[in-house]
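Trainee: here's my sequence, what's the structure:
(chains A and B)
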2 protein chains.
Amino acid sequence: MTKHLQVDLDELSKELLTMGAMVEEATNRAINALIRRDRTIANEVIAVDDAINDHENKIEDHALKILALHQPVAADLRFIITVLKVNNDLERIGDHAVAIAERAVVLSRLDPVALPEDFDKLVITVQRMLRDSLTALIERDADMARGVCKMDDEVDRVHRLMYSAMQDVMRNDVNFIEPAVNTISATRHLERIADLATNIGEDVVFMVEGEILRHNY
Amino acid sequence: MTKHLQVDLDELSKELLTMGAMVEEATNRAINALIRRDRTIANEVIAVDDAINDHENKIEDHALKILALHQPVAADLRFIITVLKVNNDLERIGDHAVAIAERAVVLSRLDPVALPEDFDKLVITVQRMLRDSLTALIERDADMARGVCKMDDEVDRVHRLMYSAMQDVMRNDVNFIEPAVNTISATRHLERIADLATNIGEDVVFMVEGEILRHNY
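Mentor: Okay, here's the model as predicted:
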């Protein structure tokens, strides 16, 4: 590998980590806004989305320039392809964080819905999956990445449970239809973040081991 | 470009078109299953998902091999990157088609919900966006691809309208909570398919013009 390519790859790596940190913070803040019914935090998450989108475009542009300029092969090529995919997944996670923040704004104005105990588990699992997928990426840790994929089942379980719990809430009192529908929506966005963290986990395994892991979980 | 690279790219192109056709058919059938309350069609859509996932893995594998073997540059490189992205988007559309089919199975057992008139518009627009995005890809037509991106606003409008219409349905009769919640869910998957068709449209513009179009719509 030429020295110049290495410098470019290091820079690309740093840019992706910045993107990961931005998106992780947005997600955690959106969850806080939702739980604390805090419109101020929610609006901050919504405001930061443009910066995340700009950063995604910058990384994509940079990765394509490196591909065109250096025509890297083998592990370097896999790394750049992984950056392109993870970058895209992170931007989508950012979109879901904004969607959660938007639900948080609506919910903060409505009567609070009683959430099932397992909701906390869902939140903790999603946050852990996102954090671990980014750590696995930084440390090129395929085992940790596989662990992220396995946590997705727990998220799916609680997601299904939330659906039926919110339907019960609505049946018991029609005044809770609006908050329950918005809560289902927020939960669904959490579930999608877990899916995307799983994608990142799969991409990390591919990068480290050159194996396409998709659809095996 | 070497002759060998051209042969490989042509083959990759054909594989992606097959993937597009599979996913488009799954989507149209899932929509039919939803509208006609037809469990048989819905189950066929669910059954075909494995084949779609296998095809995605095959295309990704092939694209990465071409990258490693030929180290293509400029337009050829952009084409392969586009194939990787569109391939991923198509697989996600396939997942949403399955999700719609699953909702169709549930809904077929429940009392039918009265849908707002605009629901037909949503369905027609989503189907047109998907078809046009694939045609734009085949014909490398950046103008048609831009047209797809513009249609997404109409989808978002009807999607929002569906949310409030279904909340009214639930408020008027608690017996309709379950069908209304499942209808919201199906509508949301349609909206996500429109988003992914928009992504494909953006990727086609990038391929044809080498321009990153993301987040400008």
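Trainee: now the helices: where do they sit in chain A?
Mentor: Using DSSP state H, the helices of chain A run over residues A:3-36, A:39-47, A:49-70, A:74-108, A:118-139, A:142-172, A:177-209.
Trainee: helices or strands next to the first one in the packing?
Mentor: Secondary-structure packing of helix A:3-36 (3 or more CB pairs under 8 Å, 6 or more residues apart in numbering or on different chains; DSSP states H and E): helix A:39-47, helix A:49-70, helix A:74-108, helix A:118-139, helix A:177-209. Every C-beta, even on glycine, is put in place using the N, C-alpha and C of the backbone.
Trainee: list the buried residues of the first one.
Mentor: So the one you mean is helix A:39-47. A:39, A:41-42, A:45-46 (16 or more other CB atoms under 10 Å in any protein chain shown).
Trainee: who are the packing partners of it?
Mentor: helix A:3-36, helix A:74-108.
Trainee: for B:Asp8, find the nearest of these.
Mentor: helix A:74-108 (15.7 Å; CB to CB).
Trainee: distance from that closest one to the middle of the chain?
Mentor: 5 Å (CA atoms, centre = their mean, to the nearest Å).
Trainee: and it with helix A:118-139, angle?
Mentor: 150 degrees (axes from the mean of the first three to the mean of the last three CA atoms, to 10 degrees).
Trainee: nearest to B:Ser185, out of the helices and strands packed on helix A:3-36?
Mentor: Using CB to CB, the helices and strands packed on helix A:3-36 put helix A:177-209 closest to B:Ser185, at 8.1 Å.
Trainee: need the contact list for A:Val181.
Mentor: When contacts are counted by CB atoms under 8 Å, 6 or more residues apart in numbering or on different chains, A:Val181 is found next to A:166, A:170, B:163, B:166-167, B:170, B:181, B:184.
Trainee: whoops, I mixed them up, A:Gly20
Mentor: A:86, A:90, A:134, A:137.
Trainee: quick check: the second one touching A:Val23?
Mentor: Yes - A:Leu90 is in contact with A:Val23 according to CB atoms under 8 Å; the separation is 4.6 Å.
Trainee: who touches both of those two?
Mentor: With CB under 8 Å, 6+ apart as the test, A:Leu90 and A:Val23 both reach A:Ile52.
Trainee: which residues of chain A lie near chain B?
Mentor: A:53-54, A:56-57, A:60-61, A:64, A:67-68, A:71, A:73-74, A:77-78, A:81, A:84-85, A:88, A:163, A:166-167, A:170-171, A:174, A:177-178, A:181, A:184, A:188, A:212, A:214-215 (CB under 8 Å from any CB of the partner chain).
Trainee: ok, so of the buried residues of helix A:39-47, who is nearest B:Arg109?
Mentor: Nearest to B:Arg109 among the buried residues of helix A:39-47, with distances taken as CB to CB, is A:Ala42, at 37.5 Å.
Trainee: relative to chain B, how far out is that closest one?
Mentor: Applying CB to the nearest CB, to the nearest Å, the value for A:Ala42 to chain B is 18 Å.
Trainee: distance of A:Asp132 relative to chain B?
Mentor: 22 Å.
Trainee: out of everything not next to it in sequence, what's closest to that residue?
Mentor: Spatial nearest neighbour of A:Asp132, excluding adjacent residues (CB to CB, 6 or more residues apart in numbering or on different chains): A:Val148 at 5.0 Å.
Trainee: same deal with A:Thr82?
Mentor: Nearest one to A:Thr82, counting by CB to CB, 6+ apart, is A:Met207 at 4.1 Å.
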